[in-house]
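A.B. asks: I would like to see how this sequence folds:
(chains A, B, C and D)
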There are 2 protein chains.
Amino acid sequence: MTDLTDRQREVLTFIRHFLHEHGYPPTMRDIAAGFGFRSTNAAAAHVSALEKKGAIRRDGSRSRGIVLCDGPNRSNIIPFPRMEEPVSIPILGAISAGLPLLSEENVDETLMVDPFFTGGRRDQVFGLVVSGESMIDAGIKDGDYIFVRATAEAQSGQIVVAMVDGETTCKYYFPERHHIRLQPANSSMAPILWYPEDATDFQILGVVIGVYRRV
Amino acid sequence: MTDLTDRQREVLTFIRHFLHEHGYPPTMRDIAAGFGFRSTNAAAAHVSALEKKGAIRRDGSRSRGIVLCDGPNRSNIIPFPRMEEPVSIPILGAISAGLPLLSEENVDETLMVDPFFTGGRRDQVFGLVVSGESMIDAGIKDGDYIFVRATAEAQSGQIVVAMVDGETTCKYYFPERHHIRLQPANSSMAPILWYPEDATDFQILGVVIGVYRRV
DNA sequence: CTCCGTACTGTACATTAGTACACTATCGAC
DNA sequence: GTCGATAGTGTACTAATGTACAGTACGGAG
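C.D. replies: Have a look, this model is predicted:
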């Protein structure tokens, strides 16, 4: 591939640029127009040369059937994004108690993730950064990102994100006879018990469906 | 975009797959053939519907002029690396020792993830499913997905994925005077010691950069 | 000098591909 | 029931596109 002529390299760059601009490869006439060629054959000849020299691959005589063979390993296929439709997940920062959970004020940044991460659920999933070691025995550490399905209902034993007295916390959820027990996964920490007769507010924000940690 | 019909979503997924496979968008006839339509008009109608609903954009009547319009801002999707564009990560299954690590035979599925997950590294990151509890104290459990940057070099103390005697293993990496120590993060397990004079093969496949767990 | 590879022009043709139109059928809403 | 949206079949026409062939020109290798 290093044995391309200057002109051929220009053509290759043009193809790359075109792909970047449009999302699909150029035709011979696109190339010709791009260089001011008055003959499509000039473009065709260059494309043939590029193919012979292994810079590109061609899919038969299909229209726009030009595929770059780039990269250090000259792998055939450009890593074209997205097998499945990605889902957009807001990563929440400080959660203001008064606002709707997913209001813009709460969102720090937004991630695009594969539906794989959300278990196929397409919406109402948000992310949070874990603070503290209270769920360490569940494999959730300080600084981890947790993915949370927004729901007000949870099953006993699930890990939930709850708002208790204005603070968000991540704990195991156990509804019991007279109270709700939020159990840390850390033997040195005591559970939070919430009694309905308390004046404090309590609200389940969602159920944890995934954890991500940068190593 | 959530108001797509099931069939329309299938068509959109097909376009995505086609793009991924070929590097250029499908024609109406490609789509029709893919679904077994006996009329190109069926495909054209779906493409029109997708365009009307904003899932794709079309470049006039150019051949293969289909451009995906994904994401929250519905921007063009470009097949070329761009910051903030999702990255494609192969999830490896059983790793055959004889084959190149990222050869197709090893790949179970492919995930699209935000560069966030790979720390900005755009390539040579792959995924693995963890088997066993040897890294439990590092917060890596059986069944977790780990994201690995493919490299043959590691720093002491990093968590690596290595191939030892034909088996892949995930451990802390400590090069020592006369041997390499692969240290589990599990107090009940002994480290693996590898001596260069051993006949067994040893190879670092990569360094763990992230962990994901479905809860 | 000739020969060959590169770099084009110009014309023509066959195939590929987008679009239009007519028509059938199902399903849910009104 | 009627209407509209969805999901197709089938045919035909036109535009877009790849390719072939015949030239011109330049420059280096033999």
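A.B. asks: tell me the helices and strands packed up against the biggest strand by length in chain A.
C.D. replies: Secondary structure assigned by DSSP state E gives strand A:202-214 as the longest strand of chain A. For strand A:202-214, the packing partners by 3 or more Cβ pairs under 8 Å, 6 or more residues apart in numbering or on different chains; DSSP states H and E come out as strand A:145-150, strand A:159-164, strand A:167-175, strand B:202-214. The way it works is simple: take the backbone N, C-alpha and C, and place the C-beta from them, glycine included.
A.B. asks: tabulate these in a markdown table, adding columns for mean pLDDT, mean neighbour count and distance to DNA strand C.
C.D. replies: Below are the helices and strands packed on strand A:202-214 laid out as a markdown table (pLDDT from 0 to 100; neighbours: other Cβ atoms under 10 Å in any protein chain shown; distance: least, Cβ to the nearest atom of the strand, whole Å):
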| stretch | mean pLDDT | mean neighbour count | distance to DNA strand C |
| --- | --- | --- | --- |
| strand A:145-150 | 88 | 22 | 27 |
| strand A:159-164 | 90 | 21 | 35 |
| strand A:167-175 | 91 | 18 | 36 |
| strand B:202-214 | 89 | 20 | 34 |
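A.B. asks: of the ones you listed, which is nearest DNA strand D?
C.D. replies: strand A:145-150 (27.5 Å; Cβ to the nearest atom of the strand).
A.B. asks: and the pLDDT at the residue nearest the centre of chain A?
C.D. replies: The centre of chain A sits closest to A:Val113, judged by Cα atoms, centre = their mean, with a distance of 2.3 Å. Looking at A:Val113, its pLDDT reads 74.
A.B. asks: before we move on, back to that, same list, the helices and strands packed on strand A:202-214, but as TSV with distance to DNA strand D please.
C.D. replies: Output for those, formatted as TSV (distance: least, Cβ to the nearest atom of the strand, whole Å):
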stretch	distance to DNA strand D
strand A:145-150	28
strand A:159-164	37
strand A:167-175	39
strand B:202-214	31
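A.B. asks: what ranges do the strands span in chain A?
C.D. replies: Remark: strands assigned in chain A by DSSP E are A:56-58, A:66-68, A:87-92, A:107-113, A:125-129, A:145-150, A:159-164, A:167-175, A:180-183, A:192-194, A:202-214.
A.B. asks: where's the longest one relative to the chain centroid, distance-wise?
C.D. replies: Offset of strand A:202-214 from its chain centre (Cα atoms, centre = their mean, to the nearest Å): 17 Å.
A.B. asks: please name the strands paired to that strand in the sheet, noting orientation.
C.D. replies: strand A:145-150 (antiparallel), strand A:159-164 (antiparallel), strand B:202-214 (antiparallel) (DSSP bridges).
A.B. asks: Throw these into TSV and include distance to A:Ser188, thanks.
C.D. replies: Shown next, in TSV, are these (distance: least, Cβ to Cβ, whole Å):
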stretch	distance to A:Ser188
strand A:145-150	21
strand A:159-164	18
strand B:202-214	23
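A.B. asks: among those, which is nearest A:Gly206?
C.D. replies: Closest to A:Gly206 of the strands paired with strand A:202-214, according to Cβ to Cβ: strand A:145-150, at 3.9 Å.
A.B. asks: C-alpha coordinates for the closest one, CSV please?
C.D. replies: In CSV, the C-alpha atoms belonging to strand A:145-150 read as follows (Å, rounded to 0.1, in the frame of the first residue of the first chain):
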residue,chain,number,x,y,z
TYR,A,145,-21.2,3.6,37.5
ILE,A,146,-24.5,1.9,38.0
PHE,A,147,-27.2,1.6,35.5
VAL,A,148,-30.6,2.0,36.9
ARG,A,149,-34.1,1.2,35.5
ALA,A,150,-36.3,4.0,36.7
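A.B. asks: ok, and what's touching it?
C.D. replies: Strand A:145-150 has contacts (Cβ atoms under 8 Å, 6 or more residues apart in numbering or on different chains) with A:89, A:91, A:101-102, A:117-118, A:121, A:124-130, A:140, A:161, A:170, A:205-213.
A.B. asks: quick check: angle from it to strand A:167-175?
C.D. replies: In terms of direction (axes from the mean of the first three to the mean of the last three Cα atoms, to 10 degrees), strand A:145-150 departs from strand A:167-175 by 60 degrees.
A.B. asks: which segments of chain A make up each domain?
C.D. replies: Partitioning chain A according to automatic domain parsing yields domains covering residues A:6-68, A:87-212.
A.B. asks: which one of those domains has the lowest average pLDDT?
C.D. replies: domain A:87-212 - the lowest mean pLDDT of those, at a mean of 81.
A.B. asks: for A:Leu205, which non-adjacent residue is spatially closest?
C.D. replies: Excluding the flanking residues, the one nearest A:Leu205 by Cβ to Cβ, 6 or more residues apart in numbering or on different chains is A:Val161, at 4.6 Å.
A.B. asks: flag every buried residue along stretch A:125-136.
C.D. replies: A:125-128, A:130, A:134-136 (16 or more other Cβ atoms under 10 Å in any protein chain shown).
A.B. asks: from these, which two are the most distant?
C.D. replies: Across the buried residues of stretch A:125-136 (Cβ to Cβ), the longest gap, 23.5 Å, separates A:Val125 and A:Ile136.
A.B. asks: around DNA strand D, which positions in chain A sit nearby?
C.D. replies: A:27-30, A:39-41, A:44, A:47, A:58, A:60-65 (Cβ under 7 Å from any atom of the strand).
A.B. asks: what do you get if the cut-off is 6 Å, keeping everything else the same?
C.D. replies: Taking Cβ under 6 Å from any atom of the strand as the criterion, chain A approaches DNA strand D at residues A:27-29, A:40-41, A:44, A:61, A:63-64.
A.B. asks: of those, which is the most crowded?
C.D. replies: Per-residue neighbour counts (other Cβ atoms under 10 Å in any protein chain shown) across the residues of chain A next to DNA strand D peak at A:Arg64, which has 24 neighbours.
A.B. asks: got the contact list for the closest residue to that residue other than its chain neighbours?
C.D. replies: Once flanking residues are discounted, A:Arg64 sits nearest to A:Pro25: 4.4 Å by Cβ to Cβ, 6+ apart. Listed by Cβ under 8 Å, 6+ apart, the contact set of A:Pro25 reads A:15, A:18-19, A:64-67, B:23-24.
A.B. asks: identify, from those residues, the entry nearest to B:Arg7.
C.D. replies: Nearest to B:Arg7 out of those is B:Tyr24 (Cβ to Cβ; 23.4 Å).
A.B. asks: number of residues surrounding that closest one?
C.D. replies: If we define neighbours as other Cβ under 10 Å, then B:Tyr24 has 26 of them.
A.B. asks: I'm done for today, thanks for sticking with me.
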